[in-house]
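1. pasting a predicted model and its sequence here:
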Amino acid sequence: HTHTHTRARAMVLLRRVEVRASGAHGRGVFALERIARGECWWRFDEESCDAYTHDEAWARATSLEAAAQGGDGEAAEALRDMCWFGYYAPTARAWVVARDGAQFVNHCGEDASRANWGGQPAGVSFERVCDEACYATRDIEAGEEILEDYGTYGHGEWEAAFLRRFCPERADFEDTVEKKDALVQIDAGATAEEA
């Protein structure tokens, strides 16, 4: 699928990265400087991300779907972006849609060792949507594509029903991703050999 970034918003990033063509899929996010293991490179920001409760997400998607069925191409694109660029934050019980460039981080594929972010440092909680953040699970070198293991996301019944209803293609893709029980736990003081 080709997705168009429709709203221009500044990337709220804690490290220098850029979005460019990816060998993995479409566009990807690449580090412009070294990001150390355990370092946060992205954090949720209400100015550059949308967060919806279950009811809000369902209502928004229903509204966009109705408009798209009526021939509104912008609504069709907005629904596609909401589904493809979103992820479920289970502890916060929210559907989060990044619109700051982070939505272009690609899946590592079947080789989970390629993933270099998506962990959770000791003592860090994602209980509220404003706590959502991305941490390097290993050192990421300048020029390297930032990849994640989509299987570490908090998949659940609500997400499956939402995607099956509004974006069957994404639901089918999610069915191919091996689900993990939890995020990688990061001890920032550990060496790469201990990871």
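-> Noted; the coordinates are in hand. Numbering: from 1, shown residues only.
2. from the chain's centre, how far out does stretch 140-149 sit?
-> Going by C-alpha atoms, centre = their mean, to the nearest Å, the spacing between the C-alpha centre of stretch 140-149 and its chain's C-alpha centre is 14 Å.
3. oh, and call the first residue 66 from now on, that's how I've got it
-> Fine by me, first position is 66 from now on; the one you just mentioned is stretch 205-214.
4. only the buried residues of the helix or strand harbouring D146, if you could.
-> Remark: D146 resides in helix 138-149, with elements defined by DSSP states H and E. Buried residues in helix 138-149, counting neighbours by 16 or more other C-beta atoms under 10 Å, are found at 140-141, 143-149. Placement of C-beta: from N, CA and C, glycine included.
5. list of residues touching that helix?
-> Residues lying outside helix 138-149 but in contact with it, judged by C-beta atoms under 8 Å, 6 or more residues apart in numbering, are 66, 68-69, 71, 115, 122, 125-126, 128-130, 132-133, 160, 162, 164, 168, 228, 231-232, 235.
6. how near is the residue in the chain sticking out farthest from the centre to R145?
-> No residue in the chain sits farther from the centre than G135, which is 29.6 Å out by C-alpha atoms, centre = their mean. Noted for G135: a distance of 16 Å to R145, by C-beta to C-beta, to the nearest Å.
7. thinking again about what came up before, buried only: go through the contacts of helix 138-149 for me.
-> Judged by 16+ other C-beta under 10 Å, buried ones among the contacts of helix 138-149: 115, 122, 125-126, 129-130, 132-133, 160, 162, 164, 168, 228, 231-232, 235.
8. the residue farthest from the centre of the chain and Y117: what is the separation?
-> Applying C-beta to C-beta, the value for G135 to Y117 is 22 Å.
9. and for F238?
-> As defined by C-beta to C-beta, F238 lies at a distance of 20 Å from Y117.
10. neighbour-wise, which of those two wins?
-> When F238 and Y117 are compared for neighbours, Y117 comes out ahead with 19 against 15, by other C-beta atoms under 10 Å.
11. pLDDT score assigned to the more buried one?
-> pLDDT for Y117: 93.
12. isn't it up against R125?
-> Yes: taking C-beta atoms under 8 Å as the contact criterion, Y117 and R125 are neighbours in contact, 6.2 Å apart.
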